[in-house]
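In: One predicted model, sequence on top.
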Amino acid sequence: MIPRIKSVRAMENFVLDVVFENGARVFYDLHDDMNTLPDYDGLKKIEGLYKNVRLDESRTCVYWNDQIDLPSDTIYEYGKRLA
């Protein structure tokens, strides 16, 4: 089952605070993605883009623009679980 996101917040230092519908809360560090995926470099280079993170209609993906998105299952599996 694909985990659905309840809320997402862009914190300082390129870390997302993500709460899932099942109550799990995860911090997802974007540094590895920004260092390995060319499109993610825009999060550092385009002023204000990182803070403009949005949740898609299906609640299974966060995105910033047409080139940069992150599926909920990746966040859930690789993020640091808090609750």
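Out: Cool, got the structure.

In: how near is S7 to W64?
Out: Distance of S7 to W64, given as Cβ to Cβ, to the nearest Å: 16 Å. In this view, the C-beta of every residue, glycine as well, is placed from N, C-alpha and C.

In: So for those two, which residue has more residues nearby?
Out: W64 (20 against 12; other Cβ atoms under 10 Å).

In: Could you check the pLDDT of that one?
Out: What the model reports for W64 is a pLDDT of 97.

In: Verify the stated contact: it with L49.
Out: Yes. Counting by Cβ atoms under 8 Å, L49 is a contact partner of W64 at 5.4 Å.

In: Could you tell me which residues touch both of these two?
Out: Counting by Cβ atoms under 8 Å, 6 or more residues apart in numbering, the contacts common to W64 and L49 are G42, L43.

In: Let me know how buried the closest residue to S58 other than its chain neighbours is, in neighbour terms.
Out: Closest residue in space to S58, ignoring its immediate chain neighbours: R4 at 7.8 Å, by Cβ to Cβ, 6 or more residues apart in numbering. Neighbourhood size, R4 [other Cβ under 10 Å]: 14.

In: how close does E47 get to E57?
Out: For E47, the distance to E57 (Cβ to Cβ) stands at 27 Å.

In: W64 too?
Out: 16 Å.

In: show me where the chain has helices.
Out: With helices called from DSSP state H, the chain shows them at 31-36, 42-45, 72-78.

In: Deepest in the core, which of those helices is it.
Out: A comparison of the helices of the chain by mean neighbour count, using mean count of other Cβ atoms under 10 Å, puts helix 72-78 on top with a mean of 16.

In: Give me the below-cutoff pLDDT ranges for this structure.
Out: Low-confidence segments of the chain (pLDDT under 70): 83.

In: again, only this time at 90
Out: 1-2, 83 (pLDDT under 90).

In: Show me the strands in this structure, by range?
Out: In chain order, the chain shows strands spanning 5-11, 15-20, 25-29, 54-55, 61-63, 69-71, 80-81, with DSSP state E as the criterion.

In: Of those, which is nearest D41?
Out: Evaluated over the strands of the chain, closeness to D41 peaks at strand 69-71, with 14.4 Å, by Cβ to Cβ.
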